[in-house]
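Novice: mind folding the following:
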Amino acid sequence: MGKLVDRWLNKVTMYRLVLYYLIALLVIALAFSIVGILPYDPFSLLLNVGFLIAASWIVNTIFARVFKVPANVESVYISALILALIIDPVQSPNGLWFLGWAAVWAMASKYIVAINRKHLFNPVTFAVALTAITLNQNASWWIGTASMLPFVLIGGMLLVRKIQRRDLVVSFLISALATITVLSIFNGNDLLSSLGRTFSVSPLFFFAFVILTEPLTTPPTRPLQIIYGALVGFLFAPDVHFGSLYITPEIAMLVGNVFSYLVSPKSRLILTLKEKIRISPDIYDFIFVPNQRLAFAPGQYMEWTLGHDAPDNRGNRRYFTLASSPTENEIRLGVKFYPNSSSYKQSMLNMDRHTEIFAAQLAGDFTLPKDPRQKCVFIAGGIGITPFRSMIQYLLDTHQQRDIVVLYSNKTADEIVYWELLNRAERELGIRTIYTLTDTRHIPADWKWHVGRVDAKMIRANVLAYRDRVFYISGPNAMVTEVQSELTQHLRIRQNHIKIDFFPGLA
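Specialist: Numbers count the residues shown, from 1 in each chain. Below is the predicted model of the structure:
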């Protein structure tokens, strides 16, 4: 069952999964309203949803055209549906002012409250915080009810599994519950009652799964995400206040956003295509000229937005690892194309030198060890070679010698890319690359390397002192999982000596 779930999660993008999750919650809430489990009029609930979607879409379209950036339709729907889940259904026409004002500011905040084209605050929490100040009307966070809790948990855990933000969510929950415990004891309240209310009649879990993990306002690395989660969790706990100011969920999030902004890369790039090179039958190198210099660590990734007509259900955003080195002037992406590729990738193939693409949200911990003496093994499957291309180019340009062995797996020989770079690294830095092919039906007659998957036997035969090394694994999800299992079960490699290339929205 777990493998089936993982297979489905790998096929759906992160944004699409969030959208499905929110739609499911609203459908369940509508059913509960009809049968009387939730105290809302089902027609009012439907009015909320329809009005918020329409208002959000109109405002976002206007701002996207004014600021001349691609409109992210999925983002519009996600923000509108979140607002519908945290603002009570309207009871009178006057309530539409509250909904409209929240929708306007949720969309506008992405463009107006932004620095270097990077928005500062979570749009939904910014909007409801502003409505509280300007209209004196607050979000009720009605999704935090006992009847909705099982569905919030099931979908939320799938979402966290998809985006692998477990550490962030756990740090938030531990911090919030610890703060609630301390304050309950200090104030003389019943601890069990306080914890019970927090679990069953508060938006704790919905907030953690949906609001906290929003990618564009999350810190870029795991240690910073843990600190971020703990900070927001402390502020989220009920009864936390500074003088007469009591912290609401939206205020807790806005404070966390400020922290995230301070510790995160600040820029949003606009890039123009310089060159498109076919480097294998189904892999292209895209070389872009950025509008400004980008500082990053080799192996990190960014979110790429490409505006195009009639985007399919996978949207106009993707995450790609930077294949270029920070020492290079251009930004390089290595992209694999499959039969019946998405509208996004079809548009990439049609790019010319006048096409612009937007990149933001630099992140990732899949980077070289700070200690240059640390021995490493790079294990790449197919297009998973791109972060290693970035690292090796960086080492060549900075003349750093490190003890690294590369194990590079492909189905067929014509899928191998970056031959020249890998050969140069062996000549100049002593970085050995061991190639292997997994399709035994198409092995070239002059093939002198390995045949078969990367497994414990292959690693033992080619990697000296493998237990002293840090293993980096990048490639298709199934390959990464298989190699990780070989390392832990057959070679007894410690988990903290294994690094996996992952970014949200992998599919």
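
Novice: what's the helix or strand for Ile133?
Specialist: Assigned by DSSP states H and E, Ile133 belongs to helix 123-134.

Novice: can you pull the buried residues of that helix?
Specialist: Neighbour counts over helix 123-134 (16 or more other Cβ atoms under 10 Å) mark Pro123, Val124, Thr125, Phe126, Ala127, Val128, Ala129, Leu130, Thr131, Ala132 as buried. The C-beta positions use only the backbone N, C-alpha and C, and glycine is treated the same way.

Novice: quick one: mean pLDDT over the helix or strand that Ile434 is a member of.
Specialist: Applying DSSP H and E as the criterion places Ile434 in strand 432-437. Mean per-residue pLDDT for strand 432-437: 96.

Novice: find the nearest non-adjacent residue to Lys499, please.
Specialist: Nearest residue to Lys499, sequence neighbours excluded (Cβ to Cβ, 6 or more residues apart in numbering): Tyr472, at 5.0 Å.

Novice: which other residues reach the helix or strand hosting that neighbour?
Specialist: Tyr472 is part of strand 470-474, with elements assigned from DSSP H and E. Here strand 470-474 makes contact (Cβ atoms under 8 Å, 6 or more residues apart in numbering) with 321, 366, 369, 374-381, 384-388, 479-480, 483-484, 487, 493, 497-501.

Novice: tell me the average confidence for it?
Specialist: Mean pLDDT, computed over strand 470-474, is 97.

Novice: with only the CA atoms kept, save it in CSV.
Specialist: The C-alpha atoms that make up strand 470-474 are tabulated as CSV, following Å, rounded to 0.1, in the frame of the first residue of the first chain:
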residue,chain,number,x,y,z
VAL,A,470,29.3,10.6,2.8
PHE,A,471,27.0,9.2,0.1
TYR,A,472,25.1,11.6,-2.2
ILE,A,473,22.2,10.1,-4.2
SER,A,474,20.4,11.9,-7.0
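
Novice: which of the contacts of strand 470-474 fall in helices?
Specialist: Thr386, Pro387, Phe388, Met479, Val480, Val483, Gln484 (DSSP state H).

Novice: reformat these as JSON lines; add pLDDT.
Specialist: Putting these into JSON lines (pLDDT from 0 to 100) gives the following:
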{"residue": "Thr386", "pLDDT": "96"}
{"residue": "Pro387", "pLDDT": "96"}
{"residue": "Phe388", "pLDDT": "97"}
{"residue": "Met479", "pLDDT": "91"}
{"residue": "Val480", "pLDDT": "91"}
{"residue": "Val483", "pLDDT": "95"}
{"residue": "Gln484", "pLDDT": "94"}
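
Novice: most neighbours, which of those?
Specialist: In terms of neighbour count, Phe388 stands highest of the ones in helices among the contacts of strand 470-474 at 30 neighbours, by other Cβ atoms under 10 Å.

Novice: surely it meets Phe378?
Specialist: Yes - contact criterion Cβ atoms under 8 Å: Phe388 and Phe378 qualify, at 4.7 Å.

Novice: between those two, which contacts overlap?
Specialist: With Cβ under 8 Å, 6+ apart as the test, Phe388 and Phe378 both reach Val406, Tyr472, Ser474.

Novice: using a markdown table, lay out these together with neighbour count and distance to Pro93.
Specialist: Converted to a markdown table, the shared contacts of Phe388 and Phe378 look like this (neighbours: other Cβ atoms under 10 Å; distance: Cβ to Cβ, whole Å):
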| residue | neighbour count | distance to Pro93 |
| --- | --- | --- |
| Val406 | 22 | 65 |
| Tyr472 | 25 | 59 |
| Ser474 | 25 | 55 |
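
Novice: strands along the stretch 1-150 of the chain, start to end?
Specialist: Remark: strands assigned in the stretch 1-150 of the chain by DSSP state E, counting those that start in this stretch are 114-115, 118-119.

Novice: quick one, which of those is nearest to Trp141?
Specialist: Closest approach to Trp141 among those (Cβ to Cβ): strand 118-119, 22.1 Å.

Novice: in terms of secondary structure, what does the lengthiest strand in the chain contact?
Specialist: When the chain is parsed with DSSP state E, its longest strand is strand 269-280. Contact analysis of strand 269-280 by 3 or more Cβ pairs under 8 Å, 6 or more residues apart in numbering; DSSP states H and E lists strand 283-290, strand 331-336, strand 356-363 as its packing neighbours.

Novice: mind redoing it with 10 Å?
Specialist: The elements that strand 269-280 packs onto, with contact taken as 3 or more Cβ pairs under 10 Å, 6 or more residues apart in numbering; DSSP states H and E, are strand 283-290, strand 301-305, strand 331-336, helix 343-349, strand 356-363.

Novice: what about the helix ranked longest in the chain, distance to the chain center?
Specialist: Secondary structure of the chain per DSSP H: the longest helix is helix 42-67. How far helix 42-67 lies from its chain's middle: 25 Å, per Cα atoms, centre = their mean, to the nearest Å.

Novice: tell me the buried residues in it?
Specialist: 42, 44-45, 47-49, 51-53, 55-57, 59-60, 63-64.

Novice: stretch 453-461 now?
Specialist: Buried residues in stretch 453-461, counted by 16+ other Cβ under 10 Å: Arg453, Val454, Asp455, Ala456, Met458, Ile459.

Novice: turn those residues into JSON lines, including secondary structure.
Specialist: Formatted as JSON lines, those follow (DSSP: H, G, I helix; E, B strand; the rest coil):
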{"residue": "Arg453", "secondary structure": "coil"}
{"residue": "Val454", "secondary structure": "coil"}
{"residue": "Asp455", "secondary structure": "coil"}
{"residue": "Ala456", "secondary structure": "helix"}
{"residue": "Met458", "secondary structure": "helix"}
{"residue": "Ile459", "secondary structure": "helix"}
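
Novice: good, we can wrap up now.
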